[in-house]
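1. Kindly return the folded structure for what I paste below:
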Amino acid sequence: MKLSHAVLASALFISACSDAPQTPLTVDTLQQAAPPPSMVEKPDFGSYQMVDEKKKAFVDFMKPGINYINGLIENARTRLVELEKGKTPTTEDKAFIARVAELFNLTLPEAGADQKWYQEALKRVDVIPTDLVLTQAAKESGWGTSRFAREGNNYFGQWCYTSGCGMVPSARSQGKTHEVAVFKDTYQSIRAYFLNVNRNKAYAPLRDIRAELRKSGEPVTGVALANGLKSYSERGQAYVDEVQSMIRYNQNYWSQG
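-> Okay, the predicted model is just below:
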C-alpha cells in the first residue's frame, strides 16, 4: 500500500486535530502524542502456539491505540461540526482550521472556511471502524508476525519512496524503488494509516461511502467501508473480498475488550 512522503513526515496529525476549542494551538501542543501505556511493550506474536491466543493478544495490543486515535478524531470532528453550523471562529479555531487544511490537503479559501470546505473536511476528519483497522493490520502483518511488523513496526504495509526511508522488500520487482516504511513504534504506524486512508485520493471512495452512510443515518461499518479500498492492493476487488471475509470471520476477536 503506497504511503506518500508527506504522510510519513506529518508528525502533527492527531495533536492538531484534537485540541479542544479553548486550548491555544501552539508549537508545543502539536508534538507527537505518546502511545497508550499498554502499547509500549510489543508482544512476540510468533511465540504463540495457539492461534486463538495469538489473535487475542494481537487485538489486546492494537486496540487501545486504534480507539485512542478514533477518540481524538471524534473530538476534532465535533469541533468542525460546531464551526460548520455557524460558530464564530476564535483565533484558536482559525489556527485549528488552518492545520486541518494543511494536514488533509484541503485548500483553504482566501476568505476562510466556507460550507464547501467544511463538507470536504468532514469527509476526511472521521473515524475508521475498529474492526476494519484491526483486520487490515492483521492481514498486512500476518497477525504481527511479519518481518516488517517485528523490525519496522509497520502493520499496514505502508510504503515510502525516499532511499533509506525504510526496509527494502526482498520480493521488490526490478526497477521498483519503494521501501517498506519503518516507524518508531506501533502507535506511529496506526497514526500514519489513519492519515493515509482519511486523505489519500486513492481512498476517496471509502470516504464517499462513509459520508453517504452518515447522511442516511446508517451505521458506519468496516464491511461497508472496505468497498472503498480497491486501491489498497494491486489485487483490487479480491483484496476487498478477503478483508470483508476476515472482518466477519473474526468478529468475536474484534469485539473483545
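2. Report the contact partners of residue 48.
-> With contacts taken as CB atoms under 8 Å, 6 or more residues apart in numbering, residue 48 has the following neighbours: 54, 57. The C-beta positions use only the backbone N, C-alpha and C, and glycine is treated the same way.
3. Could you measure from residue 141 over to residue 148?
-> Noted for residue 141: a distance of 7 Å to residue 148, by CB to CB, to the nearest Å.
4. Which strand residues bridge the nearest residue to residue 151 once chain neighbours are set aside?
-> Spatial nearest neighbour of residue 151, chain neighbours left out: residue 167 (6.9 Å); criterion: CB to CB, 6 or more residues apart in numbering. With DSSP bridges applied, the residues forming beta bridges to residue 167 are residue 180.
5. so what's residue 167 up against?
-> When contacts are counted by CB under 8 Å, 6+ apart, residue 167 touches 147, 148, 151, 152, 154, 179, 180, 182.
6. out of these, who's nearest residue 207?
-> Taking CB to CB as the measure, residue 207 lies nearest residue 154 of the contacts of residue 167, at 23.2 Å.
7. count of residues packed around the closest residue to that closest one other than its chain neighbours?
-> If the residues on either side of it in the chain are set aside, residue 154 comes closest to residue 148, at 4.3 Å by CB to CB, 6+ apart. Counted with other CB atoms under 10 Å, the neighbours of residue 148 add up to 23.
8. got a list of what residue 148 touches?
-> In this structure, residue 148 makes contact with 141, 154, 157, 167, 169, 180, judged by CB under 8 Å, 6+ apart.
9. Using ChimeraX, define a selection of the buried residues within those residues.
-> Buried members of the contacts of residue 148, identified by 16 or more other CB atoms under 10 Å, are gathered into one ChimeraX selection as follows:
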select :141,154,157,180
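10. ok, the nearest residue to residue 206 once chain neighbours are set aside - contacts?
-> The shortest distance from residue 206 to any residue other than its chain neighbours is 2.8 Å, reached at residue 228 (CB to CB, 6+ apart). By CB under 8 Å, 6+ apart, the contact set of residue 228 is 203, 204, 205, 206, 207, 208, 209, 210.
11. Next, count neighbours for the residue nearest to residue 73 when sequence neighbours are not counted.
-> Taking CB to CB, 6+ apart as the measure, residue 73 lies nearest to residue 127, with 5.4 Å between them; neighbours along the chain are not counted. Burial measure for residue 127: 19 neighbouring residues, criterion other CB under 10 Å.
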